[in-house]
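Asks: Prediction below, plus the sequence it came from.
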Amino acid sequence: MTKKLSLETELVHVDDTNTHNASITPAYMSATFKAKDLDEMGPYDYTRSGNPTRSALQNHLSKIMKAKHVYALNSGMAALDVIVRSLNPGDEVVAGDDLYGGTDRLLTYIKTFNHIKVGHYDTTNLELITSKITKDTKMVVLESPTNPLIKICDLKAIADHAHKQNPNCVVVFDNTMMTPLFMSPLELGADIQYESATKYLNGHHDIMAGVIATNSDELAKKIFFVINATGAGIAPFDSWLLLRGLKTLALRVERQQENAMKIAKWLESQNIKVRYPGLESHPQYELHKKQCKGTGAVLSFETGDVAVSKRIIAACELYSVTVSFGYVASLISLPCLMSHASISAETRKEREFPEDLIRLCAGIESADDLIEDLAQAFKVAGFR
Ligand SMILES: Cc1ncc(COP(=O)(O)O)c(C=O)c1O
Ligand SMILES: N[C@@H](CCSC[C@H](N)C(=O)O)C(=O)O
């Protein structure tokens, strides 16, 4: 077909040829591949270096992420680990002040043990963040919307500034919340886009996975070197499951987003301050709309009292008290004790992290049931 296909269509059509013309790409559950002869080894020798199921997944993701090079890894954190290995002692990194707890932990690790200078700043304050990115900045690490405060940054403005200051500065963008369905960070100026595929891309909470995308041949070469050298590439069966999960990405995420919007509006109707980029009350509503095609399915809100938040979470019957997001069922969590517990209480305080913050991740259930569950949990908890 000559017509440019929409992402929803691309997601379900995997271009793959295999020996027996199987409709579904087989899981090549083999660590090794026989060499044809010593002069022609063939494309695969050892699964750490490459595997046909992983290749099919990466080719499919390349199309979806509109990226020249895509690598699939065994977790989102493995992806960030591979990316930051290009840094050297003394290098400067500028990062957001609200990031997933594990991202913050890895950045703190490289600061402490690899002597890399890492500064955390409020990415919603364009003047502040651009003033911190100078000719000496080697890498910028951004999330938008952030996990869990749902802060939005102006990716294009930050990336343009960073490249003006230092054309070799690597702008790294974590697109886990938006997925390629709603945001294209590489088109907005990011050099590297990575995602925790454990979340929406897979959607079923049955694998850990990460994805890295870049259009730079030079960065791709370095990334592949580290993946092969360390064994961070995704396993064949997990590649197969991720290929399967991806086919329903649009269906799942659109329904999850619809539910999140209804829940956010209901919470707002209860006079609760809700953080969700789909609400006009969100401080960066217009900016988010400018750079994304959707608003996702993660939202957060405060109750004003940690004990009340704990009681609400405990009283929920449909939402499971679980870390992570992107699963087809709805989840609820208290980030300070769960996903962000790896950030010290002192640092959380410094960054004005609300300890009573509840994070909700809408699943694909009926929105009415989800709202009713929250309403009964509020009642049990004596809230509102
Ligand atoms: C925004 C974000 N990025 C990255 C990660 C890390 O991904 P993974 O758990 O797959 O290592 C997570 C959660 O774990 C996350 O929430
Ligand atoms: N114990 C884990 C917690 C993972 S949190 C996963 C997810 N990104 C979220 O935001 O819920 C850890 O220490 O990493």
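Replies: Nice, I can see it. Numbering: from 1, shown residues only. Ligands and ions are numbered 1, 2, ... in the order given.

Asks: helix, strand or coil for the spatially closest residue to residue 384 that is not a sequence neighbour?
Replies: Ranked by C-beta to C-beta, 6 or more residues apart in numbering and with sequence neighbours excluded, the top spatial neighbour of residue 384 is residue 378, at 5.0 Å. In this view, the C-beta of every residue, glycine as well, is placed from N, C-alpha and C. Secondary structure, DSSP: H, G, I helix; E, B strand; the rest coil: residue 378 is helix.

Asks: Residue 372 is in contact with residue 378, correct?
Replies: No. Contact status for residue 378 versus residue 372: not in contact, 10.7 Å apart, counting by C-beta atoms under 8 Å.

Asks: of those two, who's got more company?
Replies: residue 378 (20 against 14; other C-beta atoms under 10 Å).

Asks: Could you report the separation of that one from residue 306?
Replies: 16 Å (C-beta to C-beta, to the nearest Å).

Asks: For the residue nearest to residue 384, give me the pLDDT.
Replies: As predicted, residue 378 sits at a pLDDT of 98.

Asks: Renumber starting at 11 from here on
Replies: Sure, I'll start counting at 11 from here, so that last one is residue 388.

Asks: Please work out which residue of this structure is closest to ligand 1.
Replies: At 2.3 Å from ligand 1, residue 86 is the closest residue in the chain, using C-beta to the nearest ligand atom.

Asks: burial measure for that residue, as a count.
Replies: 25.

Asks: and what of the one 3 residues further on?
Replies: Other residues lying near residue 89 total 29 when counted by other C-beta under 10 Å.

Asks: who's in contact with it?
Replies: 81, 83, 204, 205, 206, 220, 221, 222, 242 (C-beta atoms under 8 Å, 6 or more residues apart in numbering).

Asks: Which member of those is positioned nearest residue 375?
Replies: Set against residue 375, the nearest of these by C-beta to C-beta is residue 206 (22.5 Å).

Asks: Can you report phi and psi for the closest one?
Replies: Backbone torsions of residue 206, given as degrees, to the nearest 10, read phi -80, psi 110.

Asks: OK, contacts around the closest residue to it other than its chain neighbours?
Replies: Nearest non-adjacent residue to residue 206, counting by C-beta to C-beta, 6+ apart: residue 86, 2.8 Å away. The contact partners of residue 86, taken as C-beta under 8 Å, 6+ apart, are 112, 184, 186, 204, 205, 206, 207, 208, 209, 218, 219, 220.

Asks: Quick one: list the elements packing against the host helix or strand of the fifth one.
Replies: In this structure, residue 205 is located in strand 202-206 according to DSSP states H and E. In this structure, strand 202-206 makes packing contacts with helix 86-94, strand 180-184, strand 220-224, judged by 3 or more C-beta pairs under 8 Å, 6 or more residues apart in numbering; DSSP states H and E.

Asks: measure the residue of the chain closest to ligand 1 to residue 242 for me?
Replies: From residue 86 to residue 242 the distance is 11 Å (C-beta to C-beta).

Asks: likewise residue 195?
Replies: Taken as C-beta to C-beta, the span from residue 195 to residue 242 is 21 Å.

Asks: between those two, which one's more packed in?
Replies: The neighbour comparison of residue 195 against residue 242 (other C-beta under 10 Å) goes to residue 195, with 28 against 23.

Asks: Excluding chain neighbours, what is closest to that one?
Replies: In space, residue 195 is closest to residue 183, 4.0 Å off (C-beta to C-beta, 6+ apart).

Asks: Might you report the residue contacts of that neighbour?
Replies: By C-beta under 8 Å, 6+ apart, the neighbours of residue 183 are 152, 153, 154, 165, 195, 200, 202, 203, 204.

Asks: is it true that the third one touches residue 165?
Replies: Yes. Look at residue 154 against residue 165 with C-beta under 8 Å: they come within range, at 6.4 Å.

Asks: more crowded one of the two?
Replies: Taking other C-beta under 10 Å, residue 154 and residue 165 do not tie; residue 154 has more neighbours (29 against 25).

Asks: where's the more buried one relative to residue 143, distance?
Replies: 16 Å.

Asks: Next: residue 200.
Replies: 14 Å.

Asks: Just give the number of residues close to residue 239.
Replies: Neighbours of residue 239 using other C-beta under 10 Å come to 12.

Asks: And residue 360, by the same measure?
Replies: Neighbour tally, residue 360, other C-beta under 10 Å: 12.

Asks: about what we covered before: looking at the strand holding residue 205 now, give me its mean pLDDT.
Replies: For strand 202-206, the per-residue pLDDT averages 98.

Asks: tell me the angle of that strand relative to strand 180-184?
Replies: Orientation of strand 202-206 against strand 180-184 (axes from the mean of the first three to the mean of the last three C-alpha atoms, to 10 degrees) gives an angle of 20 degrees.

Asks: Residues of the stretch 161-310 of the chain that sit close to ligand 1?
Replies: 184, 186, 206, 208, 218, 220 (C-beta under 6 Å from any ligand atom).

Asks: Among those residues, which one has the most neighbours?
Replies: residue 206 (30 neighbours).

Asks: For that residue, give the beta-bridge partners.
Replies: Beta-bridge partners recorded for residue 206 (DSSP bridges): residue 220.

Asks: host element of residue 228?
Replies: helix 227-240.

Asks: Check residue 174 too.
Replies: helix 165-175.

Asks: And residue 269, by the same measure?
Replies: Going by DSSP H and E, residue 269 is part of helix 259-279.

Asks: Other residues contacting that helix?
Replies: 17-18, 21, 189, 191-192, 210-211, 213, 284, 286, 288-289, 291, 304-309, 311, 338, 340, 370-375, 377, 380-381, 384.
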